[in-house]
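In: dropping a prediction and its sequence here:
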Amino acid sequence: MHKLPEYSFEKLRNEVEICVSDEHKFGTDAFLLADFAAPRHKDMVCDLGTGCGIIPLLMQISFAPKIIYCVDIQKQAIEQLNISVERNKLENIVPVCADLKILWQGAPIGQLDVVTCNPPYKSDGAGLQSLSEAQRIARHEILCNISDVCRAAERLLKFGGRFCICNRPERLADVVSAMKDNNIEPKSLRFVSKTPADPPWLFLIEGKKGGKPFMKVLPQLYINGSEGFSEELLQIYGGGKTNDYQREKE
């Protein structure tokens, strides 16, 4: 008999609460990507591989775009997100249980302004395999790879629409190649380090569908400052329980 998942709730900003579990939770990278994507109030958005929906919820709190489609292939992840949507009475967040390689019937093909994704960082078989199936799917390219993600983003975006993604520095060449292969031109790149003395552990990159070649490298983002978290990270967290959010992916 399968053990039923245990859900709990974590408070974000503006009294918004998110349903989390051992299988579907979140880390610092989700906050950074939501802030980096910064959709406008009028934008139509989609978050691919949304998990518990942390990125859509953060975008809703900070930017309130017109609509956010939230796509994940795992039923439990979408169940958690549905719980969060109902608990917070959110009308513009649309959970979708679907395979991003196929998308879903009625998907807004060629209509979206912004697509985001916090993808599996590790190729299938690379590194230590996580214990649970949900963790393996979230962290390893088992059900989709970076090319699949970029292909889905290209299908959903309108011409000139933005695709924002994060990943580990060792996957930068793979991400740039996959974006360019799918008519998404990398335009902005930002590395993230714990301190100025440490090498980057993450990068954030934005591409535009149909854009012309030219990429700007932005100033580096530092996680830590002289007295704990950096001022910029605290601004991104926006007053949340920062000690609870320093949970990076393995």
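Out: It's in.
In: ok, D174 to V114 distance?
Out: Applying CB to CB, to the nearest Å, the value for D174 to V114 is 22 Å. For every residue, glycine as well, the C-beta is placed using N, CA and C.
In: the two: which has the busier surroundings?
Out: More crowded of D174 and V114, by other CB atoms under 10 Å: V114, with 25 against 16.
In: please, which helix or strand holds that one?
Out: V114 is part of strand 112-117, with elements assigned from DSSP states H and E.
In: give me the sheet partners of that strand and which way each runs.
Out: Partners of strand 112-117 in the sheet, by DSSP bridges, are strand 44-48 (parallel), strand 157-167 (parallel).
In: now do the first one: distance to the chain's middle.
Out: Pointing back at strand 44-48 there. Computed by CA atoms, centre = their mean, to the nearest Å, the separation of strand 44-48 from the middle of its chain amounts to 10 Å.
In: tell me how far the following helix or strand past that strand lies from the chain's centre.
Out: Using DSSP H and E, the helix or strand that follows strand 44-48 in sequence is helix 54-62. Computed by CA atoms, centre = their mean, the separation of helix 54-62 from the middle of its chain amounts to 10 Å.
In: and helix 54-62, what's its mean pLDDT?
Out: Throughout helix 54-62, pLDDT has a mean value of 96.
In: for stretch 154-169, what does the pLDDT average out to?
Out: Averaging pLDDT along stretch 154-169 gives 97.
In: cool, stretch 210-222 as well?
Out: Computed over stretch 210-222, the average pLDDT equals 97.
In: that stretch: end-to-end distance?
Out: Stretch 210-222 stretches 31 Å from its first residue to its last (CA to CA, to the nearest Å).
In: now the strands for the protein?
Out: 8-11, 17-20, 44-48, 67-72, 93-97, 112-117, 157-167, 184-193, 202-209, 216-217, 221-222, 224-225, 228-229 (DSSP state E).
In: out of those strands, nearest to A37?
Out: The minimum distance between A37 and these falls on strand 157-167, with 4.1 Å, by CB to CB.
In: buried set for the closest one?
Out: L157, G161, R162, F163, C164, I165, C166, N167 (16 or more other CB atoms under 10 Å).
In: if I look at the third one, how far off is I205?
Out: Noted for R162: a distance of 11 Å to I205, by CB to CB.
In: now do the longest helix along the chain: everything it contacts.
Out: In the chain, taking DSSP state H as the definition, the longest helix is helix 75-88. Contact with helix 75-88 is made by 5, 7, 9, 16-21, 23-24, 50-53, 56-57, 70, 72, 90, 93, 95-97, 134, as judged by CB atoms under 8 Å, 6 or more residues apart in numbering.
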